[in-house]
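Engineer: pasted the sequence and its predicted model underneath.
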Amino acid sequence: MRTTYLVCYDIADDKRLRRVFKLCKNYGEHLQFSVFECDLNPSEKVRFETGLGDLIDHNKDQVLFVSLGPSEGRGNRVITALGIPYVSMDAPCFVF
């Protein structure tokens, strides 16, 4: 069974940030600068968490997994926004 997660991160170093972003792109859809929506089965979640754990500095960085429940039977995803309208982000993340 697959579960949908919002994966949000705050990474203190630009080099680690780029690596975390690249790994997240392998597991989900990029919604905002540091936010991904990921549909994961339990083994994918473990691999993802392990990969992130190897990349981040556990004393300076934070990654959050917010469970949105089962992926199946959820219906269409509805995202609303305040301020700048939400648009699907296909562009890469640039860190200067």
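Structural biologist: Perfect, thanks for sending it. Numbers count the residues shown, from 1 in each chain.
Engineer: secondary structure element for Cys24?
Structural biologist: Taking DSSP states H and E as the criterion, Cys24 maps to helix 14-25.
Engineer: what's that helix packed up against?
Structural biologist: Contact here means 3 or more C-beta pairs under 8 Å, 6 or more residues apart in numbering; DSSP states H and E; on that basis helix 14-25 packs against strand 3-10, strand 35-40, helix 42-55. C-beta: built from backbone N, CA, C; applies to glycine.
Engineer: same list (these) but as TSV, adding mean pLDDT and distance to Leu23.
Structural biologist: Listed next are those as TSV, based on pLDDT from 0 to 100; distance: least, C-beta to C-beta, whole Å:
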stretch	mean pLDDT	distance to Leu23
strand 3-10	96	10
strand 35-40	96	10
helix 42-55	98	5
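Engineer: of the ones you listed, which is nearest Arg18?
Structural biologist: Closest of the helices and strands packed on helix 14-25 to Arg18 is helix 42-55, at 9.9 Å (criterion: C-beta to C-beta).
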